[in-house]
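Novice: sequence-free structure coming up:
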């Protein structure tokens, strides 16, 4: 697509340039739709898999003096679920416990990210 767009610009082919720009917008729309679909599935997964069992909740309440009482005490502090494909790397951070997680490194294979500071 970049080659066609570059050629259209070089040749002052406004019709081809407009076609390329419309095609790019269609591709970006598909990317956004797929990103939203994947994000929804990940957040649904996290909603199910970050819940603590009743036994874990009771254990946390028994050890309340060792833990901070901030955040949702029925959720895991962190959930790592990783998969890899040869051509894509995708990650989503969700702060499910409502605790301050700034300064926490998010590691995806050999890539590291941090939450932005407000």
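Specialist: Everything's here; your move. Being a predicted model, the structure only gives us computed values, none of them experimental. Numbering: from 1, shown residues only.

Novice: Okay, buried residues for the helix or strand harbouring residue 40 please.
Specialist: Using DSSP states H and E, the element containing residue 40 is helix 14-49. Within helix 14-49, the residues scored as buried using 16 or more other C-beta atoms under 10 Å are 17, 20, 46. Bear in mind the C-beta positions are built from the backbone N, C-alpha and C, glycine included.

Novice: Out of the residues you listed, flag the one nearest to residue 85.
Specialist: Closest to residue 85 out of the buried residues of helix 14-49 is residue 46 (19.7 Å), distances taken as C-beta to C-beta.

Novice: circling back to that earlier point, quick check: mean pLDDT of the following helix or strand past the helix holding residue 40?
Specialist: Note on helix 14-49: by DSSP H and E, the next helix or strand toward the C-terminus is helix 54-62. When pLDDT is averaged over helix 54-62, the result is 81.

Novice: Could you name the helices and strands sitting against helix 54-62?
Specialist: Contacting helix 54-62 under the criterion 3 or more C-beta pairs under 8 Å, 6 or more residues apart in numbering; DSSP states H and E is no other helix or strand.

Novice: Return the distance of that helix from the chain's centre.
Specialist: 29 Å (C-alpha atoms, centre = their mean, to the nearest Å).

Novice: Residue 107 and residue 38, how far apart?
Specialist: Between residue 107 and residue 38 the computed distance is 20 Å (C-beta to C-beta, to the nearest Å).

Novice: Kindly report the same for residue 9.
Specialist: On the measure of C-beta to C-beta, residue 9 and residue 38 end up 33 Å apart.
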